[in-house]
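Student: Here's my sequence, what's the structure:
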Amino acid sequence: MIKSMTGFGKAEFEVNNKKITIEIKSLNSKQIDINTRTPALYREKDIEIRKAISEKLVRGKVDLNIYVENLGEESSSKINEPILRGYYNDLSKISTDLKLPVDHTTLQAVMRLPDVVKTEYETLDEQEWNTIYSNIITALADINEFRTSEGKALETDILGNVRSIHKLLNEIEPFEKQRIEILKNRLTDSLETLKQNVDENRFEQELIFYLEKLDINEEKVRLANHCEYFYETAELPTSSGKKLGFISQEIGREINTIGSKANESNIQRLVVQMKDHLERVKEQLLNVL
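Tutor: You can find the predicted model right below:
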């Protein structure tokens, strides 16, 4: 099974006169990279949040945001009435002494002074947190479902390109005999051009040795095996993006070796096409979990 690292999950709910929205987004990354943005009230639970994300999502660049909207009439910010009255009385006395008017601007000035507005920090209700945590798990389940759905599209594209490489590999065979004959004729013509007497037996031995060095049968067998291993790994119950990446590297090595040994234009054209399909595979594998 192939699963994408790209996904999005969301949960909305109400608890204790609050509307809470949880959004989780993930992109591709070599490791798990978690960024959380939560209100100060829930910061003490950051380690618990990160643990849940790393267990459920495994890899990827993950952003989690928790938005809180207060639905009640109460606010955490309160006017400190005794301090406000004290400031106002002091400013009124000073304004009177200086023969300045005491009006609404005096109150505006007082409101900007220190400690007039105080913030009351609430303590985290464990029952409220349990509700939030269960919804985080729900959002993570949504993002995993999204990843699985995206993974099916990736799987179709990736396996299609690997099958194309496998098919192109089989198309090399008709050109191999022709390739050997071309090499033999090329060497023979070169010797005739030199107009040198050559030991026929020695020439045959050197020719066999040279052709053995240019033989691509082993590379073809290994490339076919790598393709089969790629299919098997893609069908495993868990997504194995890193492993598929390693296999694609081995596929690339065999394709490059076949290309360097080819010495035949038709085979080299097929090698170029295989490289094109392999680049598409590698590009898509960057987003596989």
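
Student: so which helix or strand takes in V62?
Tutor: Using DSSP states H and E, V62 falls within strand 60-70.

Student: By mean pLDDT, flag the weakest helix or strand of this structure.
Tutor: When each helix and strand of the chain is scored by mean pLDDT, DSSP states H and E, helix 200-213 comes last, with a mean of 63.

Student: any low-confidence regions in this protein?
Tutor: By pLDDT under 70, the low-scoring segments of the chain are 72-77, 119-121, 180, 184, 187-213.

Student: For it, just list every one of the strands.
Tutor: 7-15, 18-27, 32-37, 60-70, 77-79, 117-119 (DSSP state E).

Student: State the number of residues packed around I267.
Tutor: 22 (other C-beta atoms under 10 Å). (Glycine included, C-beta is placed from N, CA and C.)

Student: thinking it is in contact with E173, fair?
Tutor: No - with contact defined as C-beta atoms under 8 Å, I267 does not reach E173; the gap is 9.9 Å.

Student: all helices of the stretch 51-200 of the chain, in order?
Tutor: 81-97, 104-111, 126-170, 173-194, 200-213 (DSSP state H, counting those that start in this stretch).

Student: what angle separates the second one from helix 81-97?
Tutor: By that I understand helix 104-111. Relative orientation of helix 104-111 and helix 81-97, computed by axes from the mean of the first three to the mean of the last three C-alpha atoms, to 10 degrees: 130 degrees.

Student: one step back: and the strands of the chain, which is most packed in?
Tutor: Mean neighbours per residue, mean count of other C-beta atoms under 10 Å, is largest over the strands of the chain for strand 18-27, with a mean of 19.

Student: elements contacting it?
Tutor: strand 7-15, strand 60-70, helix 126-170 (3 or more C-beta pairs under 8 Å, 6 or more residues apart in numbering; DSSP states H and E).

Student: Nearest to A109, out of those?
Tutor: Proximity to A109 (C-beta to C-beta) singles out strand 60-70 among those, at 28.4 Å.

Student: Which strands or helices does that closest one pack on?
Tutor: Strand 60-70 sits against strand 18-27, strand 32-37, helix 46-57, with contacts defined as 3+ C-beta pairs under 8 Å, 6+ apart.

Student: could these go into JSON lines alongside distance to Q273?
Tutor: What follows is those, written out as JSON lines (distance: least, C-beta to C-beta, whole Å):
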{"stretch": "strand 18-27", "distance to Q273": "31"}
{"stretch": "strand 32-37", "distance to Q273": "36"}
{"stretch": "helix 46-57", "distance to Q273": "36"}
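
Student: Please identify which of those is closest to I83.
Tutor: With C-beta to C-beta as the criterion, I83 lies closest to strand 18-27 of those, at 28.7 Å.

Student: List the contacts of that closest one.
Tutor: Residues outside strand 18-27 that contact it (C-beta atoms under 8 Å, 6 or more residues apart in numbering): 5-14, 53, 57, 60-72, 132, 135-136, 139-140, 142-143, 147.

Student: coming back round to it: take the helices and strands packed on strand 18-27 and write them to JSON lines, including distance to K25.
Tutor: Shown next, in JSON lines, are the helices and strands packed on strand 18-27 (distance: least, C-beta to C-beta, whole Å):
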{"stretch": "strand 7-15", "distance to K25": "5"}
{"stretch": "strand 60-70", "distance to K25": "5"}
{"stretch": "helix 126-170", "distance to K25": "8"}
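
Student: mind listing what the closest residue to E250 other than its chain neighbours touches?
Tutor: Distances taken as C-beta to C-beta, 6 or more residues apart in numbering place H226 nearest to E250, at 5.0 Å, with adjacent residues excluded. Applying C-beta under 8 Å, 6+ apart to H226 gives the contacts I247, E250, I251, E254.

Student: Buried among those? Need that as a selection in PyMOL.
Tutor: Per 16 or more other C-beta atoms under 10 Å, the buried members of the contacts of H226 correspond to this PyMOL selection:
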select buried, resi 247+251+254
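
Student: Adding distance to P237 as columns, could you present the contacts of H226 in a markdown table?
Tutor: Output for those, formatted as a markdown table (distance: C-beta to C-beta, whole Å):
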| residue | distance to P237 |
| --- | --- |
| I247 | 17 |
| E250 | 23 |
| I251 | 23 |
| E254 | 28 |
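
Student: For S260, state which of the contacts of H226 is nearest.
Tutor: Of all these, S260 sits closest to E254, with 10.9 Å by C-beta to C-beta.

Student: residues contacting that closest one?
Tutor: Contact analysis of E254 by C-beta under 8 Å, 6+ apart lists E219, K220, R222, L223, H226.
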